[in-house]
Each structure stands twice: as structure tokens, then as C-alpha cells.
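**Q** next one to model:
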Amino acid sequence: MTANDGRRVLRMSSLFRSLKVRPSGSIPGASAESLLVACRGPLLVVAIGYALLLYVLLAEVAFNPTGPIHIGRHFDGRRFWDQSTVVHPGVGYDGQFYYYLARDPLLRASDPGSFLDRPAYRYARVLYPLLAWAAALGQASAIPWMLLGVSLGAVVIGTVAAVDVVRLLGASRWLALVFAFSPAVMVGLVADLTEPTTFALVAIGVALHLRGRHRAAGWTLALATLARETSLLVPLGFFLHAVWRRQWRESSAYALPQAVPAAWYLWIWARFGVLPAAQAPPNFGLPFSGAIYRAGVLLGWQVPLLGETAPASPFPELVFVGLSVAVILLGLTRLILHRDVFSLQLWLQAAAMFSTAALVWEALISYGRVLGLLYLFLGLALLAARVPPEGCSICARMASAACSLHGGRLPPATSRQRSAGSSLQHDRSGG
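**A** Okay, the predicted model is just below:
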């Protein structure tokens, strides 16, 4: 073993100890080839499950791919309709806006306000419709199919990344199915929304982070921000954790790529005269006002203000509302005792959800999607906490071997290794 090998071992050992996760070397066959082998079972379940889901979904609309888009007549998108387009009376749902964006991803329309409710806000989430437009090679007739195809591909890729994440955390590969069949991902696919693309990119970013590939993780998460701006909290969490440990190069790897979505937002501002955030709907209010509102509607104590109707059996949803409130409170308090990166990510998600308003909690399909990242990082924080410190025993044995090869002395530690060692003390100080 060379001096460089010894330094590399020390760096990996310090990294994984500070993250409290197992290094890839402690997982049997953590190579890309072994990852694909591990994914076979979960991907088979995903293929069967989503094949059935898509069959049922499309069978209800005579296998017309514009059916799941939920296009409403309220917005004048007639320039994008043809004889086969399924158009519903009323307002429709958000999928119609991503379809219109896929038809005009380069902002060429002179009157986007006629077919978009909030043009600047909608164009901020350009990645998913842009991918559908590119996959369709710009062919209008293929775009409805590609909206489904991009989401399905995102589910597959996201599941592979989720398998990698749970294996790096020392858990069963089958836990990746929780990601694949989470409400946010499933609803996003069947309604042509951004969640499958966003969650896949977040999962890839987390996997790259755990493997120490911070630059790649930073660029991946910048794409996630272009898919859905709320995912900005994820690179922010990794950035803050790196700054807290004084890992300046690592922190810049998550901060600098965000210049890309920032530049896109400035282009939107130049095009529409307003930043996307200025056109955002009123999603925030008093603490827990949205959850209290939804519980009141379900119990019959609150008159619906948004035209929604309570389900015939409200008890299951009431349980979910209560559970979500408990998870938010847990996320806000967990950082007191646990200072690992996933507890910080959970805190950021909980802080964002703390004051969500009634508009977010209008229906289960709405807040179930918005809370998706909160539940994702709850799971990661709990998985990371159960990994024993001896997960780095292989790195320790390799470091010992390097020591013996260098006359009882370890190769000189670099500044990055010394900094990573200090991060271990930071993490341990919080429990």
C-alpha cells in the first residue's frame, strides 16, 4: 500500500465517521456493477407495480395520454389542443401547466398569462417539461406520452439511487420501495407533475453526497431546484453542514451550482418583469394553520373555503394529519440532540412545513406531495442514527496496514483530513 493509499483510507474513514454511515467498502460489493445487481429485485417490483398503475390510469381515458394531464377550460390553451385532447370543464390541475410549458419551454409565447395562472412561478419549474419536450424531439403529438415517460424514467433512476443510499446506510435494499411507491412520487406520475423528477434528482444527490462526490451532488441538486424550487433546501442543508464543519471546498460545491437556477430566475424576471417568488401562491401563514384548517374540515368544524369536500370516512386522513404534525415537531426538535447532516436536513424541511397555510392542506393529494421531502429525510435521519460507529472497522484495519508499511507511522495528514477529523468532534458533541 502506498502513501497515497494510506491518505485515501484516512480521508474515507474520517468522512464516513463524521457522517455516521458505513463506507461503501463495508458493504459487500459496493461497485456500480454490484449496485445494479442489488437493484434487480426492487426494480422488478417497481416495473410490475407501475405497469399496473399506468394500465389502470390510461384505461380510464381510453389510453389517451392527455387524460392524466387534467386540462381545464378555465385557461385558454386552445392553441395547444387538437381533436384528441381531453379537456375537462373547470380549472383543471397543475399537470396542464407543465404540458403547456413542454409545448413552449423557451418562452416564445407573447401572452403566457392566457394559459398559465402564474407564468413566472410556473416557468421556474422548467426542467420536467423541458425534458419531456427534448424526449419528444419537439413533436407536439409525442409530448403527452413523454410527460409520462420522463416521470416513469425518473422513478426507475430514483429507485436505483435510493437502493444505493439505503445500502450505504447499512439497510435493506428493499427499503428503496418506500421511495418508489411514496405518495409524492406516485401522485406526481399519474398527474404529470414534477415530483418524480425532483425526488429522483434529490435521491441521486444524496447518494453522491454519501460517496463524497460533492461537486456532482451539487450540480445534481441544482437541477432539482430547476425542477421544483422548494428542493433548494436540500443543497442548503449540505452547504450549512459543510460550513459548520469548516469544509469550505465542500460548501462551495453545493453553493456555486445554484448560480444556474438563479440565472434562470433572472431571465424570467427580464421576460415577465417579476421574479418567480413574487408570483408564488399564498402557501404560508400562522404556525400549523394549514393542518388545523384541514383537521377542522375533516371533523366538520370548519367551513371549506377552497371548494374542497371532506371524504366520507375522514378518520384515516385525520390520523395522517396528526402524524404529519408530529413529524414536523420531531424535525424541529431532533437537531437538539442529533447534529448529523440528515437531522439538519429534516430540521430545514420541518421549518418550511411549520407555517404552511390552508392552500397547501386543501386536500391529501396536495399536502401529501408537499410533505414528501420531510418524510424522506425523516427516514434517512432514522437510518443514519442506527448505523453503529464500528461501521468503519474496515477503514481502520486498512489504516493499520498502511501504518505498518510506513514503519509504524501513518502518512502525514492533509488539511482536509484534519478538518474531517474535527467534523467528527462536531457531530459527536451533539449526541
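**Q** could you use CA atoms for every contact and neighbour count after this?
**A** OK.
**Q** who touches residue 199 in this structure?
**A** Shown in contact with residue 199 (C-alpha atoms under 8 Å, 6 or more residues apart in numbering): 158, 185, 224, 373.
**Q** residue 143: which of those residues is nearest?
**A** residue 185 (19.9 Å; C-alpha to C-alpha).
**Q** which residue sits closest to that closest one in space, ignoring its chain neighbours?
**A** residue 196 (4.9 Å; C-alpha to C-alpha, 6 or more residues apart in numbering).
**Q** quick one: contacts for that neighbour?
**A** By C-alpha under 8 Å, 6+ apart, the residues touching residue 196 are 151, 152, 154, 155, 158, 184, 185, 186, 188, 189.
**Q** which of those residues sits closest to residue 289?
**A** Among the contacts of residue 196, and counting by C-alpha to C-alpha, the member closest to residue 289 is residue 184, at 21.6 Å.
**Q** against residue 366, how distant is the closest one?
**A** 9 Å (C-alpha to C-alpha, to the nearest Å).
**Q** and for residue 138?
**A** 30 Å.
**Q** same check, this time on residue 58
**A** For residue 58 relative to residue 366 (C-alpha to C-alpha), the value is 22 Å.
**Q** now the strands for the chain?
**A** Shown for the chain, the strands assigned by DSSP state E span residues 71-72, 87-88.
**Q** for the nearest residue to residue 311 once chain neighbours are set aside, what are its contacts?
**A** Computed as C-alpha to C-alpha, 6+ apart, the closest residue to residue 311 that is not its neighbour in sequence is residue 298, at 7.4 Å. For residue 298, the contact set (C-alpha under 8 Å, 6+ apart) comprises 310, 311, 314, 318.
**Q** nearest spatial neighbour of the third one, chain-adjacent residues omitted?
**A** Spatial nearest neighbour of residue 314, chain neighbours left out: residue 298 (5.6 Å); criterion: C-alpha to C-alpha, 6+ apart.
**Q** next: the first one.
**A** In space, residue 310 comes closest to residue 298 once its chain neighbours are excluded; the distance is 5.5 Å by C-alpha to C-alpha, 6+ apart.
**Q** pLDDT score for residue 151?
**A** Here, the pLDDT recorded for residue 151 equals 97.
**Q** where along the stretch 51-200 of the chain do the helices fall?
**A** All helices of the stretch 51-200 of the chain, identified by DSSP state H, counting those that start in this stretch, fall at 95-103, 119-123, 127-135, 143-168, 176-180, 183-190, 195-210.
**Q** so where's the stretch 301-431 of the chain shaky on pLDDT?
**A** Low-confidence segments of the stretch 301-431 of the chain (pLDDT under 70): 387-431.
**Q** coming back round to it: residue 184 and residue 366: who's more crowded?
**A** More neighbours surround residue 184 than the other of residue 184 and residue 366, with 24 against 14 (other C-alpha atoms under 10 Å).
**Q** so the more buried one is in contact with residue 372, correct?
**A** Yes: with contact defined as C-alpha atoms under 8 Å, residue 184 reaches residue 372; the gap is 5.6 Å.
**Q** re the thing from before, could you measure from the residue nearest to residue 185 over to residue 180?
**A** Residue 196 is 9 Å from residue 180, by C-alpha to C-alpha.
**Q** need the residues touching each of the two.
**A** Between them, residue 196 and residue 180 share the contacting residues 155, 158, 186, judged by C-alpha under 8 Å, 6+ apart.
**Q** any idea which residue sits dead centre in this protein?
**A** Relative to the mean C-alpha position of the chain, the nearest C-alpha, by C-alpha atoms, centre = their mean, is the one of residue 199, at 3.2 Å.
**Q** next, count neighbours for the residue lying closest to residue 241 once chain neighbours are set aside.
**A** Residue nearest to residue 241 in three dimensions, not counting chain neighbours: residue 341, with 6.1 Å by C-alpha to C-alpha, 6+ apart. Residue 341: 24 surrounding residues under other C-alpha under 10 Å.
**Q** cool, residue 185 as well?
**A** Neighbours of residue 185 using other C-alpha under 10 Å come to 27.
**Q** what sits against it?
**A** Residue 185 neighbours (C-alpha under 8 Å, 6+ apart): 155, 179, 195, 196, 199, 369.
**Q** hang on, the last one packs against residue 194?
**A** No: here residue 369 does not reach residue 194: they are 10.0 Å apart, not a contact under C-alpha under 8 Å.
**Q** quick one: common contacting residues for those two?
**A** residue 188.
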